[in-house]
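**Q** sequence-free structure coming up:
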């Protein structure tokens, strides 16, 4: 599991996974001030789809389900939500909202990878764990740039 870096497209025999945490952040940034509860606004609608997926994930974690159980629950519960989300993306009209246009373009460019996590209980709709794991290296890289000893 990794982010949307295009270099991963060259890796054979892998299943790419798109992160709804990134999608949700783009949609949140596209919601205009004062419209957070305006359920007719397209960015709010997309954001709510993502939130629903994370609500399901939270309940699975609370129940302590195995990977196989999570996979089965995702196929039953979340697959219809993802399908609805994809249908929403197809008909969403961003108007003059540049941030929503960017969010929809981001989603459409990753369409092929939006369902991957549903089909494998070991995957996650968020890559926060992997990003936190590599953070010390990325922060250290800049700090070590001018280090003259191992």
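**A** Happy to help now that I have it. On a predicted model such as this, the values are computed, not experimentally measured, just so you know.

**Q** and the longest helix along the chain, which residues are buried?
**A** The residue-count maximum for a helix in the chain (DSSP state H) belongs to helix 42-63. Neighbour counts using 16 or more other CB atoms under 10 Å place 42, 43, 44, 46, 47, 49, 50, 52, 53, 56, 57, 60 of helix 42-63 among the buried residues. No exception for glycine: its C-beta is placed from N, CA and C like everyone else's.

**Q** Please verify my assumption that the second one contacts residue 101.
**A** Pointing back at residue 43 there. No - Residue 43 is beyond contact range of residue 101, at 10.5 Å (criterion: CB atoms under 8 Å).

**Q** Now that we're looking at residue 149, what pLDDT does it have?
**A** Residue 149 carries a pLDDT value of 68.

**Q** Residue numbering should commence at 165 henceforth.
**A** Got it, the first residue is 165 from now on, which makes the last one we talked about residue 313.

**Q** Do you have the helices of the protein handy? List them.
**A** Using DSSP H, helices in the chain cover 184-194, 206-227, 231-237, 243-255, 262-273, 292-307.

**Q** Adding mean pLDDT, write the ones you listed out as TSV.
**A** Listed next are these as TSV, based on pLDDT from 0 to 100:
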stretch	mean pLDDT
helix 184-194	94
helix 206-227	96
helix 231-237	96
helix 243-255	95
helix 262-273	94
helix 292-307	78
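
**Q** As JSON lines, those helices with distance to residue 178 would be great.
**A** Below are the helices of the chain laid out as JSON lines (distance: least, CB to CB, whole Å):
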{"stretch": "helix 184-194", "distance to residue 178": "19"}
{"stretch": "helix 206-227", "distance to residue 178": "22"}
{"stretch": "helix 231-237", "distance to residue 178": "18"}
{"stretch": "helix 243-255", "distance to residue 178": "20"}
{"stretch": "helix 262-273", "distance to residue 178": "18"}
{"stretch": "helix 292-307", "distance to residue 178": "15"}
